[in-house]
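In: dropping a prediction and its sequence here:
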Amino acid sequence: TAGITQAPTSQILAAGRSMTLRCTQDMRHNAMYWYRQDLGLGLRLIHYSNTAGTTGKGEVPDGYSVSRANTDDFPLTLASAVPSQTSVYFCASSESDMNTEAFFGQGTRLTVV
Amino acid sequence: GQQLNQSPQSMFIQEGEDVSMNCTSSSIFNTWLWYKQEPGEGPVLLIALYKAGELTSNGRLTAQFGITRKDSFLNISASIPSDVGIYFCAGGTNFGNEKLTFGTGTRLTIIP
């Protein structure tokens, strides 16, 4: 069972460039999330989507955008990357927005130089 | 946003010892979750708690939902090398669009 698949696994990106992190789930979960994980700060929510066609801002949304055109895919875009966006990014999903058991992908390690 | 204080930040224990870690919050949660993260992987759900006072086990792991709904603890009995990793607590409110709040993690290292 694939669960949640993230791509790429890692990336080095020049500051000012744009990039889209991909996330696909095959569990037909309604809710999906993007987190960033930084040392000493734990997991912080960037954006979320309660269901296909809707999105919302999390704790640290600035510099990121998301879309949810269908149930399975939830891409995260950095329009103009900055070094402070160097982090490990995790996509997650849950059955519904009220069921908080979230299942995580393996992460994308992004380095902005 | 809400803050979760997770302690200890790190633990160095000998194989076979028991482990205890906890999370506290200044506000109430309706759900407490415990995750484990191994190097290069995403967090994996270990135990989910939904009721104040609830005590739930998963093999050698036991977690409790504090009666005040502001805390939770995780115990690991008779630790083994594969228990190494970072353990995260997470609290959920199920109110509107409030999502999970994560603790900063407890890094567990086991000395053979």
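Out: Happy to help now that I have it.
In: OK, contacts around residue 78?
Out: Reading this off chain A. A:Leu78 makes contact with A:Leu13, A:Ser18, A:Met19, A:Thr20, A:Leu21, A:Gly63, A:Tyr64, A:Gln85, according to Cβ atoms under 8 Å, 6 or more residues apart in numbering or on different chains. (C-beta placed from N, C-alpha, C; glycine too.)
In: switch to chain B, please.
Out: B:Gly16, B:Glu17, B:Asp18, B:Arg60.
In: pLDDT score for the last one?
Out: It refers to B:Arg60. pLDDT recorded at B:Arg60 is 97.
In: test my guess that it contacts B:Ser82.
Out: No: with contact defined as Cβ atoms under 8 Å, B:Arg60 and B:Ser82 do not form a contacting pair (10.7 Å).
In: which one of the two has more residues nearby?
Out: Neighbour tally, B:Arg60 and B:Ser82, criterion other Cβ atoms under 10 Å in any protein chain shown: the higher count belongs to B:Arg60, 14 against 8.
In: in space, what's closest to the more buried one - neighbours in sequence excluded?
Out: Leaving out its chain neighbours, the residue that sits closest to B:Arg60 by Cβ to Cβ, 6 or more residues apart in numbering or on different chains is B:Ser77, at 4.7 Å.
In: so what's the closest residue to B:Pro43 other than its chain neighbours bridging to?
Out: The spatially closest residue to B:Pro43, leaving aside those adjacent along the chain, is B:Tyr35, at 3.8 Å (Cβ to Cβ, 6+ apart). When assigned by DSSP bridges, B:Tyr35 has beta-bridge partners B:Leu45, B:Phe88.
In: so what's the residue count around A:Val112?
Out: If you count neighbours by other Cβ under 10 Å, A:Val112 ends up with 19.
In: right, I mislabeled it, should have said A:Val88
Out: A:Val88: 18 surrounding residues under other Cβ under 10 Å.
In: my read: it touches A:Trp34, true?
Out: No: between A:Val88 and A:Trp34 there is no contact under Cβ under 8 Å: 11.6 Å.
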